[in-house]
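**Student:** curious how this folds, go ahead:
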Amino acid sequence: MHAAVIQTADAPPVYRDHPDPAERHSDEMVVEVLAAGLHHLTRAKANGSHYSSKGVHPLVPGVDGVVRDTEGNLRYVVLDDTALGTFADRTLIDPRRSVILPDGIDPVRIAAAMNPAMSSWIALRRRVEFHAGQRVLVLGATGNAGRMAVQIAKLFGAAQVVAAGRDTTRLRALTALGADETITYDQIGRAADVDVVIDYVWGEPAAGAMIPMLTARADRTAPLAWIQIGSVAGQTAPIPSVALRSARLQVVGSGIGSVPARDILAELPELASAVAAGAIDVRARAVPLAQVAQAWTAETDDRIVLVP
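**Tutor:** Model prediction:
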């Protein structure tokens, strides 16, 4: 079979021949890969920059995907730490870490959407007690995951969703996806009275937003849940201690380790159904796996999905 292989952390993947996978245990299954998303997580785990990466090379990247099992079922699968990911013609999965998909779904659409959509879906379902009628601010709303967070917050019944980012052109497009208001980071005080912040930014922008928001809140004793998911602006944020003392602020993270695998898996069927039904707008671009080297560093607003 063919696969994308990364020899060292600083090298791009190379499309080449690779040994076929073989089942070694009763809880393993060889499957045919139909579509695998090229996510930020995929790159970060491959180059060792993600906290969950084991730094083992060579490896076949790919953290999830849509596959066909030996009985003809389509499955969305999330892989555990492995050197044989989904960027291959075939891979090895634990079927307990997968969900069977309905007939007629678009594998490319599912592979593009599940990973970025999962971040806010899991955060609102499993990391805070979110309920319909609450107000949400999405920091970093113009990225792929941020766009989906706007839609998912609305899908869950948010009374107001404020989308924040730097690119005003991209921000304006979010009103069609459910954003009630769009703001840049220097206008953050206008979102002072939200109940939940979904933060894909972190770093200086997040730290700089906290004090203006907390100062402008009409009632500082009203709970504010700040969910840290991504860190595109920096791995650390210099949060002033007064931010934690002057208001009822709760900062939590949402990601691998903070949410048990069983909880993540429990959410996948409903999320997959929402994506398949068109409840979440998906930007996907299918690219042949043979072109993985070019796709690895491509800059695009679409989520690249590799298809063998």
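**Student:** for residue 68, see how far away the nearest residue to residue 306 once chain neighbours are set aside is.
**Tutor:** In space, and not counting its chain neighbours, residue 306 is closest to residue 289: 4.7 Å by CB to CB, 6 or more residues apart in numbering. All C-beta atoms are positioned from the backbone trio N, CA, C, and that covers glycine. According to CB to CB, to the nearest Å, residue 289 stands 15 Å off from residue 68.
**Student:** who's more crowded, these two?
**Tutor:** A count of neighbours by other CB atoms under 10 Å puts residue 289 above the other of residue 289 and residue 68, at 22 against 16.
**Student:** residue 140 versus that one, what's the distance?
**Tutor:** 29 Å.
**Student:** have a look at this structure and report its longest strand.
**Tutor:** strand 29-37 (DSSP state E).
**Student:** which residues are contacting whichever helix or strand comes after that strand?
**Tutor:** Per DSSP states H and E, the first helix or strand lying C-terminal to strand 29-37 is helix 40-47. Outside helix 40-47, the residues that touch it by CB atoms under 8 Å, 6 or more residues apart in numbering are 6, 9-10, 13, 50, 52-53, 59, 61-63, 85, 115, 230, 296.
**Student:** report the mean per-residue pLDDT for helix 40-47.
**Tutor:** Model confidence over helix 40-47, given as mean pLDDT, is 88.
**Student:** and the longest strand of the chain, which strands flank it?
**Tutor:** If you go by DSSP bridges, strand 29-37 pairs up with strand 64-68 (antiparallel), strand 90-93 (antiparallel), strand 303-307 (antiparallel).
**Student:** need the winner for burial among these.
**Tutor:** strand 64-68 (a mean of 26; mean count of other CB atoms under 10 Å).
**Student:** that strand vs helix 40-47, what angle?
**Tutor:** For strand 64-68 against helix 40-47, the angle between stretch directions is 100 degrees (axes from the mean of the first three to the mean of the last three CA atoms, to 10 degrees).
**Student:** name the surrounding residues that touch strand 64-68.
**Tutor:** By CB under 8 Å, 6+ apart, strand 64-68 touches 31-37, 39, 74-79, 86, 91, 93, 98, 101, 105, 107-108, 110-111, 114-115.
**Student:** report the rounded mean pLDDT for whichever helix or strand comes after it.
**Tutor:** As assigned by DSSP H and E, the chain's next helix or strand after strand 64-68 is strand 74-78. Confidence over strand 74-78 (mean pLDDT, whole number) is 97.
**Student:** name the residues of stretch 228-239 that come out as buried.
**Tutor:** 228, 229, 230, 231, 233, 237, 239 (16 or more other CB atoms under 10 Å).
**Student:** let me see the mean pLDDT of that stretch.
**Tutor:** For stretch 228-239, mean pLDDT rounds to 93.
**Student:** ok, the residue nearest to residue 143 when sequence neighbours are not counted - how many residues close by?
**Tutor:** Setting aside the residues directly before and after it, residue 143 is nearest to residue 200 in space (CB to CB, 6+ apart), at 6.1 Å. Counted with other CB under 10 Å, the neighbours of residue 200 add up to 27.
**Student:** quick one, phi psi at residue 200?
**Tutor:** Torsion angles at residue 200 (phi, psi; degrees, to the nearest 10) stand at phi -100, psi 10.
**Student:** coming back round to it: columns secondary structure and distance to residue 1 on top of the buried residues of stretch 228-239, output as CSV?
**Tutor:** Converted to CSV, the buried residues of stretch 228-239 look like this (DSSP: H, G, I helix; E, B strand; the rest coil; distance: CB to CB, whole Å):
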residue, secondary structure, distance to residue 1
228, strand, 39
229, coil, 35
230, coil, 33
231, coil, 35
233, coil, 40
237, coil, 44
239, coil, 48
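**Student:** tell me the average confidence for stretch 242-257?
**Tutor:** According to the model, stretch 242-257 has a mean pLDDT of 92.
**Student:** list the buried residues in that stretch.
**Tutor:** Under 16+ other CB under 10 Å, the buried positions of stretch 242-257 are 243, 247, 249, 251, 254, 255.
**Student:** next: stretch 184-191.
**Tutor:** 185, 188, 191.
**Student:** now stretch 241-260 - C-alpha only, PDB.
**Tutor:** Backbone C-alpha positions of stretch 241-260 (Å, rounded to 0.1, in the frame of the first residue of the first chain) are rendered in PDB as follows:
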ATOM      1  CA  SER A 241      -3.700  38.300  39.400                       C
ATOM      2  CA  VAL A 242      -6.400  40.900  39.800                       C
ATOM      3  CA  ALA A 243      -8.300  39.200  37.000                       C
ATOM      4  CA  LEU A 244      -8.800  36.200  39.300                       C
ATOM      5  CA  ARG A 245      -9.700  38.200  42.400                       C
ATOM      6  CA  SER A 246     -11.900  41.000  41.000                       C
ATOM      7  CA  ALA A 247     -14.600  38.900  39.300                       C
ATOM      8  CA  ARG A 248     -16.200  35.500  39.300                       C
ATOM      9  CA  LEU A 249     -13.900  34.200  36.600                       C
ATOM     10  CA  GLN A 250     -13.300  30.500  36.000                       C
ATOM     11  CA  VAL A 251     -10.500  29.500  33.600                       C
ATOM     12  CA  VAL A 252     -10.600  25.900  32.300                       C
ATOM     13  CA  GLY A 253      -8.900  24.100  29.500                       C
ATOM     14  CA  SER A 254     -10.500  21.700  27.000                       C
ATOM     15  CA  GLY A 255      -8.500  19.100  25.100                       C
ATOM     16  CA  ILE A 256      -6.800  15.800  25.200                       C
ATOM     17  CA  GLY A 257      -6.400  14.800  28.800                       C
ATOM     18  CA  SER A 258      -8.900  17.300  30.300                       C
ATOM     19  CA  VAL A 259     -11.800  15.300  28.900                       C
ATOM     20  CA  PRO A 260     -11.900  11.500  29.200                       C
END
